[in-house]
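Novice: Here's a sequence, model it:
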Amino acid sequence: MLEPRVELGEARLVAAGPAAEKRWGRWQFPSLEQGPGGKLLLFVHVEADSAASYGMARKVYVSSDRGRTWEEDPQAAAGAYGLRLRNGEWLRTDTVAATPASSIPLPAKVAERISYRTPFQLYRMRELPVSLRQIFFQRFRQGAWKAEHQTLDDPHALRYVTGGLMPQIWWGDMKLMRDGTLTALTYPYYHDQQETPYTSVASYESRDAGKSWAKVGHILYAEADRRRDGFTEPALERLKDGSLFAVLRTTDGNGVGPMYRSWSRDLGRTWSAPEAFTDTGVLPRLLQLDNGVLVLSSGRPGVDLRFSRDGGRTWTAPEHLIPVPDPQKTQADSCGYTSLVPLGRDRFLIAYSWFTPPTGQKSIYVREVRVR
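Specialist: Sure, this is the predicted structure:
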């Protein structure tokens, strides 16, 4: 099989942080979104990488020329972006502020885990108050965003407290299926029937445009490497044949871990046994191009792009987008978080952070890539 031909466009600076900013969490974690009329939005995290920052505003930059030029526009987040539904509405998950544990009548603790030297206390979700069993969304209709929430009904799910806070996060990808069903693959998911509560991911389905969700499946961490926290940061994409493909992170505070892959042919109800297929990688991002090429971006160390023509079974060698002088220093050159949006049948835009550009300032860049 011939490998795709890749053309990397010019790296374009979107935003540079303050000259003295070297702390982890600030001026990184870029996220691209598409709005109506070809408008692109890029969100940049500028707070601490902490549960205490959940719900805080991010910097917002806008481009109306396919990512060639950008300007900061705090008001852009008031407009439409995210997942466009068949009824014309836009839907996105919402990260709300975490709840102080001191204000919660906590049930008995089920277990405790340590991640990045931080303890996480785990509780059965079914024993928590209804207000602590919810997932949150924003829906754009009639020219404005409307907040929504739904209560999760999962007798086996656990939720955690860390740093005195209980987050209610539901992070991952939502995809529109051919019949209009919405499928999501999200984390963090802890299952109370695991002997050790590793982080896993769960798949959900909505048949009413995201107004209600039902858990339909999961990918539980059961790998031989017991040092890991588990599976996190799932990427989800619908392939050309209608099946689902997922890529999962395992790098954590215990060290660098591989990315895993899994397929589902029944809309997330069951998944193939996860397979490790890279040595490294955090926050994998997937994009199925109309020309049949599947794109995978990831990072840490640096920023990598891979391409597949057979639905994720075989991949090209990684294209490295930034220099990595010392691969052992995995967080020295970039946060490794990337974001992808399509620009056409064989083109897409990638956003990434670069901590050590020629300017010497932590910066966010975008790059147009053509693959054929």
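Novice: What does the pLDDT read for residue 1?
Specialist: pLDDT, the model's per-residue confidence, is 64 for residue 1.
Novice: burial count for residue 163?
Specialist: When neighbours are defined as other Cβ atoms under 10 Å, residue 163 has 14 of them. (Each C-beta comes from the backbone N, C-alpha and C, glycine too.)
Novice: is it true that it touches residue 118?
Specialist: Yes. Counting by Cβ atoms under 8 Å, residue 163 does reach residue 118; the two are 7.0 Å apart.
Novice: export stretch 81-88 as CSV, just CAs?
Specialist: Included here for stretch 81-88 are C-alpha records, laid out as CSV according to Å, rounded to 0.1, in the frame of the first residue of the first chain:
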residue,chain,number,x,y,z
TYR,A,81,-19.3,26.3,17.6
GLY,A,82,-18.8,22.6,18.5
LEU,A,83,-20.8,19.7,17.2
ARG,A,84,-23.4,20.7,14.6
LEU,A,85,-26.6,18.7,14.9
ARG,A,86,-29.0,17.7,12.2
ASN,A,87,-31.7,20.1,13.6
GLY,A,88,-29.3,23.1,13.2
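Novice: Just the buried residues of that stretch, please?
Specialist: Within stretch 81-88, the residues scored as buried using 16 or more other Cβ atoms under 10 Å are 81-85.
Novice: Can I get those residues in a markdown table including pLDDT?
Specialist: Below are those laid out as a markdown table (pLDDT from 0 to 100):
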| residue | pLDDT |
| --- | --- |
| 81 | 97 |
| 82 | 95 |
| 83 | 97 |
| 84 | 96 |
| 85 | 97 |
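Novice: So which of those is the closest to residue 204?
Specialist: Minimum distance to residue 204 across the buried residues of stretch 81-88 is 13.7 Å, recorded for residue 83 (Cβ to Cβ).
Novice: so that closest one sits right up against residue 177, yeah?
Specialist: No. Residue 83 lies out of contact with residue 177 (Cβ under 8 Å); the separation is 11.9 Å.
Novice: For residue 284, grab the count of nearby residues.
Specialist: The burial metric for residue 284, expressed as a neighbour count using other Cβ under 10 Å, is 24.
Novice: go on, residue 43?
Specialist: Residue 43 is flanked by 21 other residues according to other Cβ under 10 Å.
Novice: Just name the shakiest helix or strand of this structure by mean pLDDT.
Specialist: Lowest on mean pLDDT, DSSP states H and E among the helices and strands of the chain sits strand 111-115, with a mean of 91.
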